[in-house]
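A.B. asks: fold the following.
(one chain, ligands or ions: 1)
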Amino acid sequence: MNGRYLIRTFGCQMNEHDSERIAGLLEQDGYAPAPGVDEAEVVVLNTCAVRENADRRLYGALGHLKPVKEANPRLRIVVAGCLAQKDQGRIQERAPWVDVVIGTHALPHLMDLLRRSQVEGPQMDVREYTETFPSALPAARHDPFRAWVSIAVGCDNGCTFCIVPFVRGAQRSRSIGDVLAEVQGLAARGVIEVTLLGQNVNTYGRDLTVAGSSRRPLFATLLREVDRIEGIRRIRFTSPHPHDFTPDVIEAMAECDTVCEHIHFPLQSGSDRVLRAMQRSYRRERYLDWLARIRQAVPEVAVSTDIIVGFPGETEEDFRATLDVVERAGFDSAYQFQYSPRPGTRAATMPDQIPKEVVQDRFDRLVALQEGISLARNRAQLGRAFEVLVEGDGRRGDSTQARTRTNRIVHLPDAIEPGSFVRARITSAAAHHLRGAVIPERAAVGV
Ligand code: SF4
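C.D. replies: Alright, predicted model coming up:
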């Protein structure tokens, strides 16, 4: 065995998935997971440039690692992810005890960089282009029964608040054959749920052609193909962009048995003026229209969203327009974000940045509204029975956590093997979770 490693992941599912790849590379080289920093020979901070205070969190974590490194000079510290891509050489200037800075396109070179850092000192690879698709790398997955599958990296949109196009580059789709081969391999190893990942899944395939023709593979085609793979019982995907949404995706959602009745559909703002400033090229009515069409075709569908509060120039009237859309949309859940400027984005230099206390006030009002809606939607599930997939122990350790196809968390009192499907009847509801009781198998017939 080579040694032990520890990975700390910040940010989104893309990063979680990249961390699985980083773990896979390390494990292939003989490393094993470490229980804590003190036992690790390699510590990887897989960073996010999107979320608030990303810099502060990274340099805070690096500050904590400095004395650990001084006490154990054999420790290798790696900074990976979007912030590594964005800040590049600045990271080792500010924290010279960092051994490797590795950007989002350079993951396949991690082991090489680690080895070179031992001989030559600090290394950095922040190349601008992905040569090997991250999904072609080995992965050490947390869950034996659920997996993320990357279908595209990068993004061709230019939302003015977003750093992703700068740190992940233009969209590059993975060939449909590659994606299917990965999912087939996962299914053969017992994976029953896959989440297809892309910054904008609707534009999947725009940069590809189908071999032997001028056609482009489409996301709806991909959904239908994955649906056919034996052993896969649940397909999820994130995220579609309302601007690029197409009816064939709704049809595929409605027709494919394994595609779950849940969609994450980022609104960002309910004001057309703000959407324009964000360079989100759909408008509120169009958004609501898509939602109505999705709900009509997939009646049980649950909808989650992202909303940014306090974008530069957002007036009280704009904010009320967001509240209005939130009420009309009746989201099952929402991730609300307080806008804060991300250096490198266009929005960061826009005039009329909103004072912090105004942003906070609007955020609190939005959260209060959405909590009420989420609670009402969860209460509507009381007494109903669902097939749930058991995920493991609940956070407090006094329940088992399971999930409905609609992505609702259900806590069950019984200890049940993770990865099993059971039927559960909902007995109580809170805004962010449900509680339920397992229906014994014989009684489950006909529920
Ligand atoms: S669609 Fe917009 S918010 Fe999403 S990754 Fe692309 S640029 Fe960022």
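A.B. asks: quick one: the strands in the stretch 251-400 of the chain, in order.
C.D. replies: 262-264, 302-309, 333-338, 385-393, 400-404 (DSSP state E, counting those that start in this stretch).
A.B. asks: want to throw those strands into a markdown table with mean neighbour count, distance to the ligand and mean pLDDT?
C.D. replies: Glycine gets a C-beta too; all of them are placed from N, C-alpha and C. A markdown table is the format used below for these (neighbours: other CB atoms under 10 Å; distance: least, CB to the nearest ligand atom, whole Å; pLDDT from 0 to 100):
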| stretch | mean neighbour count | distance to the ligand | mean pLDDT |
| --- | --- | --- | --- |
| strand 262-264 | 24 | 12 | 97 |
| strand 302-309 | 22 | 8 | 97 |
| strand 333-338 | 18 | 11 | 94 |
| strand 385-393 | 19 | 27 | 95 |
| strand 400-404 | 22 | 25 | 97 |
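A.B. asks: quick one: which of the ones you listed is nearest Val249?
C.D. replies: strand 262-264 (9.2 Å; CB to CB).
A.B. asks: can I get the strands of the stretch 251-400 of the chain in JSON lines with distance to Phe145?
C.D. replies: Shown next, in JSON lines, are the strands of the stretch 251-400 of the chain (distance: least, CB to CB, whole Å):
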{"stretch": "strand 262-264", "distance to Phe145": "18"}
{"stretch": "strand 302-309", "distance to Phe145": "21"}
{"stretch": "strand 333-338", "distance to Phe145": "23"}
{"stretch": "strand 385-393", "distance to Phe145": "8"}
{"stretch": "strand 400-404", "distance to Phe145": "12"}
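A.B. asks: skipping its backbone neighbours, what lies nearest Leu6 in space?
C.D. replies: Distances taken as CB to CB, 6 or more residues apart in numbering place Ala40 nearest to Leu6, at 4.2 Å, with adjacent residues excluded.
A.B. asks: so that neighbour makes contact with Arg8?
C.D. replies: No. Between Ala40 and Arg8 there is no contact under CB atoms under 8 Å: 10.5 Å.
A.B. asks: out of those two, which sits in the busier spot?
C.D. replies: Counting neighbours by other CB atoms under 10 Å for Ala40 and for Arg8 shows that Ala40 has the greater number, 22 against 15.
A.B. asks: the ligand versus that one, what's the distance?
C.D. replies: 32 Å (CB to the nearest ligand atom, to the nearest Å).
A.B. asks: how far does stretch 184-202 stretch from one end to the other?
C.D. replies: End-to-end distance of stretch 184-202 (CA to CA, to the nearest Å): 22 Å.
A.B. asks: that stretch near the ligand at all?
C.D. replies: Yes. Counting by CB under 6 Å from any ligand atom, contacts between stretch 184-202 and the ligand involve 199-200.
A.B. asks: what's the nearest residue to Arg233 if we skip its chain neighbours?
C.D. replies: Closest to Arg233 by CB to CB, 6+ apart is Ile192, at 4.7 Å.
A.B. asks: what residues are up against the closest residue in space to Ile373 that isn't next to it in sequence?
C.D. replies: Using CB to CB, 6+ apart and skipping residues adjacent in sequence, the residue nearest Ile373 is Gly330, 5.8 Å away. Gly330 makes contacts with 303, 373, 377, as judged by CB atoms under 8 Å, 6 or more residues apart in numbering.
A.B. asks: try Val149
C.D. replies: Contacts of Val149 (CB under 8 Å, 6+ apart): 135, 179, 182-183, 186, 194-197.
A.B. asks: filter the residues you listed down to the ones in helices?
C.D. replies: Using DSSP state H, the subset of these located in helices is 179, 182-183, 186.
A.B. asks: I'd like the residues you listed written out as TSV, with pLDDT and neighbour count added.
C.D. replies: Listed next are those as TSV, based on pLDDT from 0 to 100; neighbours: other CB atoms under 10 Å:
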residue	pLDDT	neighbour count
Val179	94	24
Glu182	93	21
Val183	96	22
Leu186	94	24
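A.B. asks: and those residues, which two are furthest apart?
C.D. replies: Val179 and Leu186 (10.7 Å).
A.B. asks: quick check: phi and psi on the residue nearest to Ile373?
C.D. replies: Main-chain torsions, Gly330, degrees, to the nearest 10: phi 60, psi 60.
A.B. asks: how far away is it from Ala380?
C.D. replies: 10 Å (CB to CB, to the nearest Å).
A.B. asks: from memory Trp148 sits against Arg21, does it?
C.D. replies: No. Trp148 is not in contact with Arg21 according to CB under 8 Å; the separation is 10.2 Å.
A.B. asks: show me what the helix or strand that Val43 is a member of is packed up against.
C.D. replies: Assigned by DSSP states H and E, Val43 falls within strand 42-47. Helices and strands touching strand 42-47, by 3 or more CB pairs under 8 Å, 6 or more residues apart in numbering; DSSP states H and E, are strand 3-9, helix 13-28, helix 54-71, strand 76-81, helix 82-87.
A.B. asks: quick one: closest of the ones you listed to the ligand.
C.D. replies: Closest approach to the ligand among those (CB to the nearest ligand atom): helix 13-28, 9.4 Å.
A.B. asks: next helix or strand past the closest one?
C.D. replies: Sequence order places strand 31-33 as the next helix or strand after helix 13-28, per DSSP H and E.
A.B. asks: all good on my end, thank you.
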